[in-house]
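Student: Would you be able to build a 3D model of this:
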Amino acid sequence: MDTAQKFQALSDGLGSLLNATELIRTVGLFGIWAIIFAETGLLVGFFFPGDSLLFLAGVAASPVADHIPGLGNTHLPIVALLIVTPACAIVGAQLGHWYGRRYGPRLFARPNSRLFKQEYVDKAETVLIRFGSAKAIVLARFIPIVRTFMNPVAGVLRVPTGRFLLWNVIGGIIWTDGILLAGYYLARQIIKIIPPDKIDLYILPAVVVIVIISVIPILVEILRTRRDRRRTIAAAAAASEPSDDAVIR
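Tutor: A predicted model of the protein is given here:
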């Protein structure tokens, strides 16, 4: 993924705030579960706003929901969210791993298009190789786009099914329930100290922070890529310069 695409992904992540609010209002509980499954299990699901969707779902399960513009009378059951949402994320990721093993590299043998970019696959593979399967499977949950492509890439690279399942379960629970509870408890604390008519002034900025945090890895990767490129260019330039001994001869 080049710099322009990464900054576009950052912009899309920030813009997903309103999309997540609209999604919760229109699709409700079952829609949330379907979206989380699609984002982790289907290659076409990478554009869904998973992090902000989970955070706002936690808010929508709290007493604050009625005071958030866009959520209206949306009330979600927190217990059902905490149980079924990670299950959807885990099953989706496991499906991605399965068809990665089943179809192998030819799964990604397609030309770049508006939706599919080979860079997405390369990024997921880089994370997997850099951190090892255990850390990568967990960390990928918090990186937009990578959390979609990591699962089939792990399958293509033959990460053992049992090992993948173990870290898939751990990562799925930490990601979904962690963000759900963050939204839920933050909303419950805010309502104790903030007048109801001003809650949206505090909740929505908190969601923006969550979205920004979710794209920090993209920014880190941009800086790392630039640094590595400069080092490569410098090394190539140094190698092309004749040494003093060569000049004397």
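
Student: any weak-confidence spans in this structure?
Tutor: Within the chain, the segments meeting pLDDT under 70 span 1-23, 46, 66-74, 107, 109-117, 191-222, 224-226, 240-249.

Student: let's go with 90 and repeat that
Tutor: Applying pLDDT under 90 to the chain flags residues 1-32, 35, 38-76, 96, 99-161, 182-249.

Student: Would you map the strands across it?
Tutor: With strands called from DSSP state E, the chain shows none.

Student: Surely Gly171 touches Arg141?
Tutor: Yes. Counting by C-beta atoms under 8 Å, Gly171 touches Arg141, with 4.5 Å between them. For the C-beta atoms, the positions are set from N, CA and C on the backbone; glycine is no exception.

Student: What separation do you get for the nearest residue to Arg130 once chain neighbours are set aside and Trp98?
Tutor: Sequence neighbours aside, Ala136 is the residue nearest to Arg130 in space, at 7.4 Å (criterion: C-beta to C-beta, 6 or more residues apart in numbering). Using C-beta to C-beta, to the nearest Å, Ala136 is found at 18 Å from Trp98.

Student: If you count surrounding residues, which of the two has more?
Tutor: Ala136 (24 against 16; other C-beta atoms under 10 Å).

Student: residue contacts, the more buried one?
Tutor: Applying C-beta atoms under 8 Å, 6 or more residues apart in numbering, we find Ala136 in contact with 127-128, 130, 150, 154.

Student: Which single one of the residues you listed is nearest to Phe47?
Tutor: Met150 (15.7 Å; C-beta to C-beta).

Student: Number of residues surrounding the nearest residue to the closest one once chain neighbours are set aside?
Tutor: Sequence neighbours aside, Ala140 is the residue nearest to Met150 in space, at 3.9 Å (criterion: C-beta to C-beta, 6+ apart). Residue neighbour count, defined by other C-beta under 10 Å, stands at 30 for Ala140.

Student: Would you agree Ala140 is in contact with Glu125?
Tutor: No. Here Ala140 does not reach Glu125: they are 11.1 Å apart, not a contact under C-beta under 8 Å.

Student: What distance do you get for the residue nearest to Arg130 to Glu39?
Tutor: 17 Å.

Student: quick one: the helices in the chain?
Tutor: For the chain, the helices defined by DSSP state H cover 3-41, 50-60, 78-103, 118-139, 146-156, 161-193, 200-240, 244-248.

Student: Give me the neighbour count for Leu56.
Tutor: Neighbours around Leu56, by other C-beta under 10 Å: 32.
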